[in-house]
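A.B. asks: With the input below, show me the fold.
(chains A and B, ligands or ions: 1)
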Amino acid sequence: MKAFLCAMIALVVIAFGANQILLNSGFSAQDTTASPSNVRLHD
Amino acid sequence: MLRLFAAFLLICSLMAPALAQEAAPNPRAETGGAQTLEDIMRRQSAQQVDETFRSSVTGDPDAAAPTTAPLGTRGGQSDPDLWRALRYDTADVRTQTRGPAAKTLIQDGGMWWLRFREGPLLTYGAALLGITLVLLALFYLIRGRIRIDGEKTGRTITRFTSVERFGHWLLASSFLILGVTGLISLFGRKVLIPAFGHDAFSTVAIATKWIHNNISWAFMLALVIIFVFWIVHNLPDKTDLKWLAQGGGIFGGGHPPAKKFNAGQKLIFWSTIVLGTSISVSGIALLFPFEFNLFGATFSTLNDWGVPGWVGQDALPHPLAPQEEMQYSQLWHAIASFVLLSIILAHIYIGSVGMEGAFDAMGSGEVEEQWAREHHSLWVDEVKNAEKNQSRET
Ligand code: HEM
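C.D. replies: Next up, the predicted model:
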């Protein structure tokens, strides 16, 4: 039971940790199909 | 005379190609070289059409009149020439968009992928999981729960340490969550949106995408943990052949000897490792679009080895457009996941309701000695011997 609970906690910690790393990595999947920075959409 | 005859033969042989050319007139003369009704019919009946008659007609800038001359075209290409070049991906495209796939403006292969993804992939995938569940239910009805045959001893043996159980449960929970969220994404447009509407599915899709993307790392970590801890017990050996020959003793009773893992479990282990790794790699390719091009290189290597010919197939497509790389990653990711899911459903069954005493191995880590003797007799001997040796040493 303890091993299972530890696994649950690890699962949540890894998921949020990974998300933070991805957000801060500077990689954006959206940028691979759109480059809004190269187009002036507003004045 | 002989010399004259030789000269005649020579002239004939030189003329042969010219005659042959006359014998096979241009099949598209009627349309002035454009595609014919026959081409269209062939394509519609999914037959091969050699596209070079139009893919190669993309203008010839070298031979073109300069733009300043009367009738000079832009770069020596007419509009149809340019569109053909775009369609067959030979145009020199420059764009403001810096994305890797921005230069492929027309991609024919996308239609095939889209149809396959919303058709056969969903139907056969769902059928595979459905049939697995039905077979397991039938197995339960016919064979029932596999009981511990002998008298229980009340003694237990440690089967898995807490680290091993931690790795297993991290793997199991992440895999099941990934399976459910993955299926929701796959069946979204075709099944869930028609059933629940766009608004409801939008909320679900945003959540499942977040969960699926971020939980994948726990799965990969767990895969490494179980690989490291269990590989020594999963190398094939002679006992596996005997075990398989007796069908694991599932029907007809009897318990073929087995070490820590029997041949069936080794198959589960290696399926998990091989398919799990493959799903992870293709998943990473999907998570970072266009960064990892796995399939073009693989296809080209397989073609070099002549693998498609072994099964009577044409060479695999190569080179691939960036979008095609993503499409193949998606298909591979989904197909391997369906297969592993179906294998794991059987595993979950036998590890829980299917067999008395099995769950304890992953629950508490301690198994009933009689259970161990029946299912893993050689392993019990090993453990007992090790214990004896240890007590002798001390
Ligand atoms: C959530 C339901 C699950 C249950 C109840 C369960 C149960 C078990 C049990 C009891 C064992 C130990 C068998 C023994 O003592 O010999 C085991 C082993 C194992 N499990 Fe699971 N498991 C589950 C999910 C999973 C998943 C999702 C995966 C992989 C993605 C997985 C992969 C493995 C592997 C590779 C082994 C070692 C080989 C084997 O015993 O077949 N399990 N599991």
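A.B. asks: Spatially nearest residue to the spatially most central residue of chain B, not counting backbone neighbours?
C.D. replies: By CA atoms, centre = their mean, the mean C-alpha position of chain B lies nearest to residue B:332, the distance being 2.8 Å. Closest residue to residue B:332 in three dimensions, ignoring its sequence neighbours and counting by CB to CB, 6 or more residues apart in numbering or on different chains: residue B:282, at 4.8 Å. Heads up, the C-betas are built off the backbone N, CA and C, glycines and all.
A.B. asks: Measure how buried that neighbour is and give me the count.
C.D. replies: Neighbourhood size, residue B:282 [other CB atoms under 10 Å in any protein chain shown]: 23.
A.B. asks: Any residue of stretch B:100-109 touching chain A?
C.D. replies: Yes: using CB under 8 Å from any CB of the partner chain, stretch B:100-109 reaches chain A at B:100, B:101, B:102.
A.B. asks: secondary structure element for the second one?
C.D. replies: Secondary-structure element containing residue B:101, defined by DSSP states H and E: none, the residue being outside all helices and strands.
A.B. asks: Quick check, pLDDT for it.
C.D. replies: pLDDT for residue B:101: 79.
A.B. asks: Could you pull up the contacting residues of it?
C.D. replies: By CB atoms under 8 Å, 6 or more residues apart in numbering or on different chains, the contact set of residue B:101 is A:32, A:33, B:289, B:290, B:321, B:322, B:323, B:326.
A.B. asks: where does it fall, phi/psi-wise?
C.D. replies: Main-chain dihedrals, residue B:101, degrees, to the nearest 10: phi -100, psi 10.
A.B. asks: In contact with the nearest residue to it once chain neighbours are set aside, which residues?
C.D. replies: Excluding the flanking residues, the one nearest residue B:101 by CB to CB, 6+ apart is residue B:322, at 3.9 Å. Residue B:322 sits next to B:100, B:101, B:104, B:290, B:293 when contact means CB under 8 Å, 6+ apart.
A.B. asks: Let me have the residues of stretch B:100-109 next to chain A in TSV, extended by distance to residue B:153.
C.D. replies: Shown next, in TSV, are the residues of stretch B:100-109 next to chain A (distance: CB to CB, whole Å):
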residue	distance to residue B:153
B:100	64
B:101	64
B:102	69
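A.B. asks: so residue A:14 touches residue B:218, yeah?
C.D. replies: Yes: between residue A:14 and residue B:218 there is a contact at 4.4 Å, judged by CB atoms under 8 Å.
A.B. asks: higher neighbour count, the two?
C.D. replies: It is residue B:218, of residue A:14 and residue B:218, that has more neighbours when counted by other CB under 10 Å, with 25 against 21.
A.B. asks: Thought residue A:16 was touching that one, still the case?
C.D. replies: No: look at residue B:218 against residue A:16 with CB under 8 Å: they stay out of range, at 10.9 Å.
A.B. asks: got a list of what the nearest residue to residue B:270 once chain neighbours are set aside touches?
C.D. replies: Distances taken as CB to CB, 6+ apart place residue B:234 nearest to residue B:270, at 6.7 Å, with adjacent residues excluded. Contacts for residue B:234 were tallied using CB under 8 Å, 6+ apart; they are B:261, B:265, B:266, B:269, B:270.
A.B. asks: and the first one, that's in a strand?
C.D. replies: It stands for residue B:261. No: assessed with DSSP: H, G, I helix; E, B strand; the rest coil, residue B:261 is coil; it does not lie in a strand.
A.B. asks: how about the nearest residue to it, chain neighbours excluded?
C.D. replies: Nearest non-adjacent residue to residue B:261 (CB to CB, 6+ apart): residue B:233, at 5.0 Å.
A.B. asks: before we move on, what SS does the one you found have?
C.D. replies: Assignment for residue B:233 (three-state DSSP): helix.
A.B. asks: Now for it, how many residues are close by?
C.D. replies: By other CB under 10 Å, neighbour count at residue B:233 equals 13.
A.B. asks: residues in contact with it?
C.D. replies: Going by CB under 8 Å, 6+ apart, the list of residues near residue B:233 reads B:259, B:260, B:261.
A.B. asks: Of the contacts of residue B:234, keep whichever come out buried.
C.D. replies: B:261, B:265, B:266, B:269 (16 or more other CB atoms under 10 Å in any protein chain shown).
A.B. asks: before we move on, the earlier item: okay if I get the contacts of residue B:233 as JSON lines plus distance to residue B:145 and pLDDT?
C.D. replies: Shown next, in JSON lines, are the contacts of residue B:233 (distance: CB to CB, whole Å; pLDDT from 0 to 100):
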{"residue": "B:259", "distance to residue B:145": "24", "pLDDT": "91"}
{"residue": "B:260", "distance to residue B:145": "23", "pLDDT": "92"}
{"residue": "B:261", "distance to residue B:145": "21", "pLDDT": "94"}
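A.B. asks: Need phi/psi at residue B:100.
C.D. replies: Per degrees, to the nearest 10, the backbone of residue B:100 is at phi -70, psi -30.
A.B. asks: What mean pLDDT does stretch B:184-191 get?
C.D. replies: 95.
A.B. asks: Helices of the stretch 101-250 of chain B, residue ranges please.
C.D. replies: B:109-118, B:120-143, B:162-186, B:193-196, B:198-230, B:238-245 (DSSP state H, counting those that start in this stretch).
A.B. asks: deepest of those helices, which one?
C.D. replies: helix B:162-186 (a mean of 20; mean count of other CB atoms under 10 Å in any protein chain shown).
A.B. asks: Now do it and helix B:109-118, the angle between them.
C.D. replies: On the basis of axes from the mean of the first three to the mean of the last three CA atoms, to 10 degrees, helix B:162-186 is oriented at 110 degrees to helix B:109-118.
A.B. asks: Now do helix B:162-186: which elements does it pack against?
C.D. replies: Using 3 or more CB pairs under 8 Å, 6 or more residues apart in numbering or on different chains; DSSP states H and E as the contact test, the elements touching helix B:162-186 are helix A:2-24, helix B:120-143, helix B:198-230, helix B:322-351, helix B:359-363.
A.B. asks: Is that helix positioned near the ligand?
C.D. replies: Yes: under the criterion of CB under 6 Å from any ligand atom, the ligand is reached by helix B:162-186 at B:168, B:171, B:172, B:175, B:176.
A.B. asks: Just give me the closest of these to residue B:38.
C.D. replies: residue B:175 (51.0 Å; CB to CB).
A.B. asks: If we ignore the residues flanking it in sequence, what's nearest residue B:164?
C.D. replies: Leaving out its chain neighbours, residue B:164 is closest to residue B:229 (CB to CB, 6+ apart), at 5.2 Å.
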